[in-house]
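**Student:** Just the structure for this:
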Amino acid sequence: MLKEKSKFPQKEDDTIMTNAQKTLEKAVEAHQRYLLKSTNEDLTTAINCYIETIKENPEQSSAYYRLATLLHNNGQIGVENAIEQCHRAVELNPADANAHMYLGYFLSLNHQFDEAKEEFKTAIRLRPATSRTRLVLALTCLEKIKNSTAKKSIKDYTNALYYGATGALMSVFDKASIKMLYQNIIDDLNFAKYKAVGEFYEKINSEKKAYNVYLSAVDNSKKSIALYERMAKIAIKKNRHDIAFDCINNVVILSNNDPMKVVDAIEYVEQHQADRVNELIDYYTILANKYPEFSKCYYELGHLYLKKDEKINALSAFKLALKYDDNNPYYQNSLAYAYVQLEQYDSAIELYKKALEANPNDEWSAVVAQALAAIYHQVKGNSDAAISMLENSLLLTKNKSQIYEAIADIYYDIEDLDHSIEYYQLALRDDSENPKIYSRLAMANWEKDCIEKAIIFYSKAIELDPAYDIAYNNLGVVFLDGLGDATRAMDYFRTAVEINPNYVLAHFNLARSYETTNEKINAAKQYQKALNLNKTTNELDNKIIEERLYRLFEA
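**Tutor:** Below is the predicted model:
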């Protein structure tokens, strides 16, 4: 009875072993195809099949080191994790020469050269005729010599020479090496053929045919990276940037995120498709992961996150940039700006001050000073500090007009109209064709009851910018409320709403002018328009508009 019962589990075990073996064979085939062609489909298949093999048969040692190799080469696991997986393979099958060879390889990557040499020697004892292990051992000996700070060992030189020579000799008889060499030669010949045909078509300006030649070759060549790069150049030349991006992105993927390919992709996207913010974030993140102390990556990431209005992510990125370059004034300025977006003004002020102390460039520092002055005036209510900051920035820049205008705006806000007019006029000295400055100068004169000057300056603003809706509205107000000329005012208000149909204040003022001339129906229509638009824009207090509307028809 006991013997009869024991047969059933045996069959089940045999089935599991058979399934695991089939899955492993499928994985190895995909792995070999990937080594020859570097296609993502083969890579994914190989990884998934190795994982499935381990699930079906956890004692299949070769699946561990093969999977570790794929995952490490593609940046999905670190060298420590790969070593752990290879140790597991050796524990499961100490007689597997490949398990020892791969363990030695990863140990050498981790600069554990002595441990690596022992594993390689074990692999050679288990399989003396292999060339690969001897060649890798020779390279390990040379790498140990290169990285050693102690006196160079003659023994290591001798070992490197011996294993290199014997490995080269045995490679002639190593079937695996010969097969790989044959496949590589075939691939090189195919690549050369497609490349020659494609280049011919390019030279005769038949880029479409060249592109199709490269496209037909790309799935059957290990050198698909070079083919995709040629396809990208053709697409860029034809302004087909959607296709060019796909080709360049494939280059990045197939190169396993090679930093130089990633940098090329970034340069392309920034030049031709800067709206691909998410892709740029991905590329800079790849670089940051490969070079964690490369501060420029975090700086660029911060600005990209600001484009997406992801303020917290931007703040974190700029902080990381400063972590690795804490005295960089440009990073300090950007982090300060991020703090402003989050309304953390005290932190922003401190960073702006640090950036100004460094003063890497006078013109740049003048702009930073204006940003700091805006915080002092608009947030802290300290107009004296703001004006002082702007006066100092005048010493740093040749482009003084904007700073004069900013100082004038502050004086206007604190109702120092004389100084405001003085600085607006200084701003016009360097920027005499700026309609906004004329409009602001007109407003300051209007506040001082200098009606004629206000009319002159508003008229000049309109002359310089015939689509300046605000200047038309304000000039209408001067005629309506300053000179009592409602008919003349109407013309300006009508022009303002023609230019900007959603301009609530212009509709409101047009209604007032109709009301003045006792055109109640027209006035009511304009008040109603203003009321309807104001529900969206919130430009005025609704109660003010409603009171004027209801008052029209009071007895």
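**Student:** so where's the stretch 151-300 of the chain uncertain?
**Tutor:** Scanning the stretch 151-300 of the chain for pLDDT under 70 picks out the ranges 151-157, 159-203, 210-211, 213-214, 216-217, 219-223.
**Student:** count of neighbours near Glu547?
**Tutor:** Here the neighbour count serves as a burial measure; for Glu547 (other CB atoms under 10 Å) it reads 11. Quick note: C-beta positions are derived from backbone N, CA and C, even for glycine.
**Student:** give the contact list for it.
**Tutor:** Applying CB atoms under 8 Å, 6 or more residues apart in numbering to Glu547 gives no contacts.
**Student:** Report the secondary structure element holding it.
**Tutor:** helix 542-551 (DSSP states H and E).
**Student:** likewise Glu300?
**Tutor:** When the helices and strands are read off by DSSP H and E, the one containing Glu300 is helix 295-307.
**Student:** pLDDT on the helix or strand following that helix, on average?
**Tutor:** Stepping forward along the backbone from helix 295-307, the first helix or strand reached (DSSP H and E) is helix 311-324. In this model, helix 311-324 carries a mean pLDDT of 93.
**Student:** any residues touching helix 311-324, and which ones?
**Tutor:** Counting by CB under 8 Å, 6+ apart, residues outside helix 311-324 touching it are 293-296, 298-299, 301-303, 305-306, 328, 331-332, 334-335, 338-339, 341-342.
**Student:** Could you list the buried residues of the helix holding Glu547?
**Tutor:** Ile545, Arg548, Leu549 (16 or more other CB atoms under 10 Å).
**Student:** domain parsing for the chain?
**Tutor:** For the chain, automatic domain parsing gives the domain ranges 10-179, 181-239, 467-555.
**Student:** so Ile403 touches Ser393, yeah?
**Tutor:** Yes: using CB atoms under 8 Å, Ile403 makes contact with Ser393 at a distance of 5.6 Å.
**Student:** Now do the shared contacts for those two.
**Tutor:** Contact with both Ile403 and Ser393 is made by residues Ala366, Gln370, according to CB under 8 Å, 6+ apart.
**Student:** re the thing from before, A PyMOL selection for the contacts of helix 311-324, restricted to the buried ones, would help me check which they are.
**Tutor:** Restricted to buried positions by 16+ other CB under 10 Å, the PyMOL selection for these reads:
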select buried, resi 294+295+296+298+299+301+302+303+305+306+328+331+332+334+335+338+339
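**Student:** From the contact counts, what lies against the helix holding Glu300?
**Tutor:** helix 277-290, helix 311-324, helix 329-341 (3 or more CB pairs under 8 Å, 6 or more residues apart in numbering; DSSP states H and E).
**Student:** ok, back up a step: mind exporting the C-alpha coordinates of the helix holding Glu547 to PDB?
**Tutor:** Backbone C-alpha positions of helix 542-551 (Å, rounded to 0.1, in the frame of the first residue of the first chain) are rendered in PDB as follows:
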ATOM      1  CA  ASN A 542     -21.700  92.600  -7.700                       C
ATOM      2  CA  LYS A 543     -23.600  94.800  -5.300                       C
ATOM      3  CA  ILE A 544     -22.200  98.000  -7.000                       C
ATOM      4  CA  ILE A 545     -23.400  96.900 -10.400                       C
ATOM      5  CA  GLU A 546     -26.800  95.700  -9.100                       C
ATOM      6  CA  GLU A 547     -27.400  99.000  -7.200                       C
ATOM      7  CA  ARG A 548     -26.700 101.000 -10.400                       C
ATOM      8  CA  LEU A 549     -28.900  98.700 -12.500                       C
ATOM      9  CA  TYR A 550     -31.900  98.800 -10.000                       C
ATOM     10  CA  ARG A 551     -31.600 102.600  -9.500                       C
END
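**Student:** Comparing the helices and strands packed on helix 295-307, which comes out most buried?
**Tutor:** Between these, helix 329-341 has the highest mean count of neighbours, a mean of 22, where neighbours are mean count of other CB atoms under 10 Å.
**Student:** Give the rounded mean pLDDT of that one.
**Tutor:** This predicted structure assigns helix 329-341 an average pLDDT of 93.
**Student:** what's the next secondary structure element after that helix?
**Tutor:** Sequence-wise, the next helix or strand beyond helix 329-341 is helix 345-358, with elements assigned using DSSP H and E.
**Student:** between that following helix and helix 311-324, how many degrees?
**Tutor:** Angle of helix 345-358 versus helix 311-324, following axes from the mean of the first three to the mean of the last three CA atoms, to 10 degrees, is 40 degrees.
**Student:** Pull out the buried positions in helix 345-358.
**Tutor:** Result for helix 345-358 [16+ other CB under 10 Å]: buried residues Tyr345, Ala348, Ile349, Leu351, Tyr352, Lys354, Ala355, Leu356.
**Student:** would JSON lines of those residues with pLDDT be doable?
**Tutor:** Output for these, formatted as JSON lines (pLDDT from 0 to 100):
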{"residue": "Tyr345", "pLDDT": "93"}
{"residue": "Ala348", "pLDDT": "92"}
{"residue": "Ile349", "pLDDT": "93"}
{"residue": "Leu351", "pLDDT": "92"}
{"residue": "Tyr352", "pLDDT": "91"}
{"residue": "Lys354", "pLDDT": "92"}
{"residue": "Ala355", "pLDDT": "91"}
{"residue": "Leu356", "pLDDT": "90"}
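**Student:** In TSV: the residues you listed, plus distance to His87.
**Tutor:** Compiled in TSV, the buried residues of helix 345-358 are given as follows (distance: CB to CB, whole Å):
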residue	distance to His87
Tyr345	55
Ala348	52
Ile349	55
Leu351	49
Tyr352	54
Lys354	50
Ala355	51
Leu356	56
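**Student:** of all those residues, which comes closest to Ala46?
**Tutor:** Closest approach between the buried residues of helix 345-358 and Ala46, by CB to CB: Leu351, at 49.5 Å.
**Student:** The closest one and Ile243: what is the separation?
**Tutor:** As for Leu351, its distance to Ile243 is 43 Å (criterion: CB to CB, to the nearest Å).
**Student:** now swap in Ala530 and tell me
**Tutor:** 51 Å.
**Student:** Neighbour count for these two, which is higher?
**Tutor:** Set side by side, Ala530 and Ile243 show more neighbours around Ala530, with 27 against 16, by other CB under 10 Å.
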